[in-house]
Every structure is written in structure tokens, then in C-alpha cells.
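Peer 1: Sequence below, structure please.
(chains A and B)
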Amino acid sequence: MAELKTTIKHKKIMAKEEFCAGCRLCEVHCVLAHSKYRNDIVKAFKKIYPRPLPRIIVEEQKPISFGIQCRHCEDPACVKACITGAMSKDPETGIVTNDENRCIGCWTCMMSCPYGVIVQDVKGGHIASKCDFCIDNGMDPACVKNCPNEALFVVDQE
Amino acid sequence: MAIDMTFPEFQIERDRDKCIDCQVCARQCSNQAHFYDEEEGIVVSDDSKCVNCLRCVTLCPTKALTIKKHDMEFKLNANWNETAIKEIYKQAATGGMLLTGMGNDRNYPIFWDHILLNASQVTNPSIDPLREPIELKTFLGSKPERVLIENGRLAEPLPPQLELEIPVMFSAMSFGSISLNACKTLAMTASAIGTMYNTGEGGLHKDLYKYGKNTIVQVASGRFGVHPEYLNAGAAIEIKMGQGAKPGIGGHLPGEKVGAEVSSTRMIPLGTDAISPAPHHDIYSIEDLKQLIYALKEATEYRKPVSVKIAAVHNIAAICSGIARAGADIIAIDGYRGGTGSAPTRIRDNVGIPIELALAAVDSRLREEGIRNRVSLVCGGSIRNSADIIKAVALGADAVYVASAALIAMGCHMCQKCYTGKCNWGIATQDPNLVKRLNPEIGTRRLKNLLNAWSHEMKEMLGGMGINAIESLRGNRLMLRGIGLMDNELRVLGIKAAGE
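Peer 2: Next comes the predicted model:
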């Protein structure tokens, strides 16, 4: 590459596979963080139908397990693939988010995602569902905060 | 199968208003006490499988679970109580010895709780540890009768010493009885704090050699994992003659726990039972013990202190006198409340004597014989807090061993099911699905916190007594008074009654 790209912040949530207990509390807290009852798990799970999907996926083949979610790629394939411009990467934070008002549920992003971390939210508005790094919560991801074994952590890359 | 005559020990109460059926409990229970009923779409529980380890309760995101002693009762009977009846049912069904884990849980007197500490008032000043330094540093090893000094320096070398920043070490727990992550937590903490952990009879895993400066390597009756490199890897060597939880009994690590790593560390075939004989087959006398002590000293060129660990039994004082004369640098005494990964229930609950009495008896005897300087005394067997340590030191201990307390700091909830290998906290298990639940980084942080908190408390107690170094408290039984004790107990403890 002839030109140097301007580097932007690149944050990622990573997993320590060797300490993931496979409890899936990350999924529970992800659902809570993306529900309208942020401080009440019971209501978030019992009063919202359809219940929001967790945006972290726990992959498991015992004894191996780990949580994986959007890598917020430097050059995201999903953003390029999105036909409506719903998927975008914030130039400042580097976070890739899906604008659910513009998403039409064509699933092109899903097909282009090399990590398979975008899921179909069919019941909840026919949209693509993915990790938004808890951007509405000061980029303090609920999955990382609530992992009982500190198996999830945030990496800051320049 | 004929009917099971018993009823569950615990009952699981699930608050249906709070339960969100997230299945965290079902995923975490290694006993399958919780499971997901797909047809109904709800999580349900089976009381009979619950061991009350509280893993599910701790992780439940909505705190929907409560575990209680089962409401069901036999007709009240002070003699034939529930435990007595249930043990008979169990043995009638299986024909086996009863097994248990952790330390003796019977309602015997706890002498620590009948001993009170002194504090300075008016006639001597107390010391504020926030303003003045208070020393906890401890050296373990044989001390010479006298020191020769020439030009301000020692003219003769001292026997090898272990230098501890605090008089607390982690007692022997083998890799096999506990997980590698638990061993790593102990090793990392000992290294960070400046004290020792002990390999137990499990050998030294290759990942743990780097913590050698803070390791006591153990040689026990099965000689598992013992080779020259191992002996020289640690800071000291301990010969294990006995264990407080099971005096007179050997050890048995079942083959299921002997995976690839345990097998190579112990130097035994994969999947075979690791059986430690009850006695050392080469030690039938003090003279035989002396041979092993000196064989180990030869193997390490007299550079490492050799400790001998024994269970507190009836003639403990005379035995320790013999051990001191046999050339041991350290004697570790393990009281009858000492923990274990597995012991026959009858042995654990009925054999041995309390560490408080044993320690006092040994210290008195060695002083009477004028050989107290030859050995350091370490006591273990249910040291629960910093006050127990201060009382132990005042009774004559140079340092204490803790193990149960360390495991509790890592997450152990004392369910006493270590022997099943299904520890839900990743401690007493070799199941890779469970071992990964213990993150040594978290464990080390918690264990360091515990020891630092204890250090602060010990300094406060010392300062209150007007003492600025733990050395000055050692064997200072005038700082102790007994409460609610009988004359013969006070005599053995060598302390006065409160008010005297």
C-alpha cells in the first residue's frame, strides 16, 4: 500500500476461551442491556414479547466455549454489503452499528460477515441484530461487565 | 432397583416470579440438579441431586434460587439424629465406607474461641501500626544454640532458612486433589506476597517450576512425582508423615482424576489409581525418619530446610521431640480439623486431637527439653482468621498453614463434596469443563486481598499489645487468657484463666 491510512480507534471485545464457564450470563445481560427495562432483568425477560435477541453468541463444543460478537472490523464487509446504508462504521469510535429504522432485513450483511456474528431478528421487526458495543451505555459493554469469570475483555487497538 | 429409603438433604426453592428460565443454573450444575424441560419451556430442579455448593445461587442473575436444609424431618431424636439414620441407609444401600471432604465439621470445642488476647492499658503504651512499623517477617528453620560474630558478621553460616513476609503459608494440596488452576492461584499468590505454598504429594507441574522460590515440595508415602529436579526446585522439602483429617490413613486419588497432566506430573500411568500407603514403608522409627531427612538433605546439598508434617495425635509432644532430634528443620503439625480432598468420614470425625492443645503441648515439651531452637513449628488444621494466627503464634507457632481459608477465598462454599470430583467452583476437580471456572487471575487477586487484610489485622492486634514484631509474640502465652475452659485444658494450653 502506497499511502498510509489514517488510523482510527479500533475497539474489540475478546474472549479468554480458557476461562469461559459457558454460563451464558453474557447473553442474559446483553438482552437486558438492549431492552427497554435496563435495570430489571425480570421485566426485560417477562414483559417484552418478542424478547430481544442476545447480540453475543456463545459457541460451545465442550469443554471449549467462548462468547463471540461483532469484531467491529477495520474494513467491515457488512457495511460495504448493506444495500440501504443501515450498516455503518462510526469514524470516531470505530463501532459498527445497524440503523434498525433503515434495515430492511435482506440479510446481505449476514452473508458477508466473516465471523457469523450477525443474526436474524425475525420476530423483533425483521432486522439484522448485532453487537453495538453498548454504545448507548457509554461503550461499557454489558457482557464484559457481567462475565463472572472475567473471560471477556475489551481490547483497544490504534 | 429397590426403593431409596432416604429423602433429599436440601431443597431447592425457585421463585417462579423471578426465574427467567435463562438456564444459567442448569448449565452450571455438575450434579444435574437443575435442568431445562423443553416441553414446558421452563427450568426445573431435582432436590435429591443438590449438594448445596451454591454455584447456581451465586450466578443466578435474578436471585430466584434459595437452597435450604430440607423441611422433611425424621421423628425428633437426640440420639438417632438425621445424620446417624441417613448414614446407615447409605451404608445399607452401598456396603461402602462413608467418604467426605474438607475438615471435621462435628460440634467439638474450638479452643481458639476460648482464648482471649491482651491489650496495653496505661502501664505500657500500645502502638499504632499506621504510624509505626510493625514487623511480620518470619524465618523458618533450625536456629543455632548461639551465634559467633566476628567483625560484626556471622562467623558461621546459619542453617538454611525460609524467609516469609507474613507467618502464613498455604498447606499441602496436591495437583490431582485440586485443579491446576487452583495450584496456579496458590503459587502466584505465594510468589506475590512472599510466602510459601506446598505441592502436596502431587509432584510439581512443569508450569509451576517458575514459582520454585515460593514452593515447598512434598515427599509422601507414595513418592509420587519425586525426582532430583523436583527436590531442588522448591525452597524447602516436606516429608508428609500424616494429615490432620486422616491420621494413620493413606491417600487414594481415583484413576478418573489421573488425566494426562496429573499422570505426567506424578509419574504414574494414565488413568491408574494413585495410592499413597498409610505408612512410609521405609519409616518404622525415628531413626528411619532421620535417614530420609538426611537423604533429602544430601540430595539438596544441605541448602534447603527439611520439614516433617504430622497429624496431631495423642503422643504428639514426644513424637515431635523425636522429630526434632532426627534433624528436621521444621515440624508442621496438622490438627484434627484439617481439611482434605477425601477422607473416610469416621476417621475424619473421630481421630486426632485439636491443634491448639497439640501446639501448646509440643512447644512446652521442646522448651523443657531445651531443643525448641532446633526446629520451627508450623501449625495448621482450621486457622480461620487473623486472630487464630495471633493466638497460634502466642501459643508457640512460628507460622501457620492455611488451606481451607485459601480455598474459600477462591470460591469454595464448603459443601464437602471434594471427593466426588464434581466441584462446581473449579477447585477440587480435574474435569476440564469445571477447571476453567477458576480463573487464577481472579483467585490470586482475592487471595492476596485476604492475606493483606489479615496482615493489617495482625498488626493492629500486635500494636494493641504493645508489640512491634511478631518475633516478640512467639510463645508469649502471657498475652493469652482462657475463657470457659477447665483446669486441665488451661494447663495443657499453658495459659491463665481470664481474670487471673
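Peer 1: Show me what from chain A comes close to chain B.
Peer 2: Selection of chain A residues close to chain B by Cβ under 8 Å from any Cβ of the partner chain yields A:16, A:18-25, A:27-29, A:41-42, A:45-46, A:62-63, A:146, A:148-151. (Each C-beta comes from the backbone N, C-alpha and C, glycine too.)
Peer 1: How much space separates the most centrally placed residue in chain B from B:Val168?
Peer 2: With distances taken as Cα atoms, centre = their mean, B:Ala403 lies nearest the centre of chain B, 3.1 Å away. For B:Ala403, the distance to B:Val168 equals 11 Å [Cβ to Cβ, to the nearest Å].
Peer 1: Over to the residue in the stretch 301-450 of chain B positioned nearest to chain A: give its phi and psi.
Peer 2: As assessed by Cβ to the nearest Cβ, chain A sits closest to B:Pro432 within the stretch 301-450 of chain B, at 3.9 Å. When read as degrees, to the nearest 10, the backbone of B:Pro432 gives phi -60, psi -30.
Peer 1: Could you check how many residues crowd around it?
Peer 2: Here the number of neighbours of B:Pro432 (other Cβ atoms under 10 Å in any protein chain shown) works out to 14.
Peer 1: got a list of what it touches?
Peer 2: Neighbour list for B:Pro432: A:Pro63 [criterion: Cβ atoms under 8 Å, 6 or more residues apart in numbering or on different chains].
Peer 1: before we move on, the earlier item: nearest spatial neighbour of the residue nearest to the centre of chain B, skipping sequence neighbours?
Peer 2: Closest residue to B:Ala403 apart from its sequence neighbours, by Cβ to Cβ, 6 or more residues apart in numbering or on different chains: B:Ser171 at 4.1 Å.
Peer 1: So the one you found sits against B:Asn198, correct?
Peer 2: Yes. Using Cβ atoms under 8 Å, B:Ser171 makes contact with B:Asn198 at a distance of 5.8 Å.
Peer 1: as a whole number, average confidence for the longest helix along chain B?
Peer 2: Criterion DSSP state H: the longest helix present in chain B is helix B:440-464. Across helix B:440-464, the average pLDDT comes to 98.
Peer 1: what mean pLDDT would you report for the helix or strand that that helix is followed by?
Peer 2: Proceeding N to C from helix B:440-464, the next assigned helix or strand is strand B:480-482, under DSSP states H and E. Strand B:480-482 comes out with an average pLDDT of 98.
Peer 1: What of stretch B:382-393?
Peer 2: Mean predicted lDDT for stretch B:382-393 stands at 97.
Peer 1: Determine how far that stretch lies from the middle of the whole chain.
Peer 2: Taking Cα atoms, centre = their mean, to the nearest Å, the mean C-alpha location of stretch B:382-393 is offset from the chain mean by 13 Å.
Peer 1: any residues touching that stretch, and which ones?
Peer 2: Here stretch B:382-393 has contacts from B:103, B:110, B:112, B:115, B:117, B:167-168, B:335, B:337-339, B:355-356, B:359, B:379, B:399-402, B:404-405, B:453-455, B:457-458, B:461-462, B:470, B:473-474, B:480, using Cβ under 8 Å, 6+ apart.
Peer 1: Could you write me a ChimeraX select line covering just the buried ones among those residues?
Peer 2: Listed next is the ChimeraX selection for buried residues among the contacts of stretch B:382-393, using 16 or more other Cβ atoms under 10 Å in any protein chain shown:
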select /B:103,112,115,117,167,168,335,337,338,339,355,356,359,379,399,400,401,402,404,405,454,455,457,458,461,462,470,473,474,480
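Peer 1: how many neighbours does A:Glu17 have?
Peer 2: If we define neighbours as other Cβ under 10 Å, then A:Glu17 has 15 of them.
Peer 1: residues contacting it?
Peer 2: Listed by Cβ under 8 Å, 6+ apart, the contact partners of A:Glu17 are A:Ile64, A:Ser65, A:Phe66, A:Ala151.
Peer 1: and the third one, backbone torsions?
Peer 2: Taking degrees, to the nearest 10, you get phi -160, psi 150 for the backbone angles of A:Phe66.
Peer 1: surely it meets A:Ala15?
Peer 2: Yes. Applying Cβ under 8 Å, one finds A:Phe66 in contact with A:Ala15, separated by 4.0 Å.
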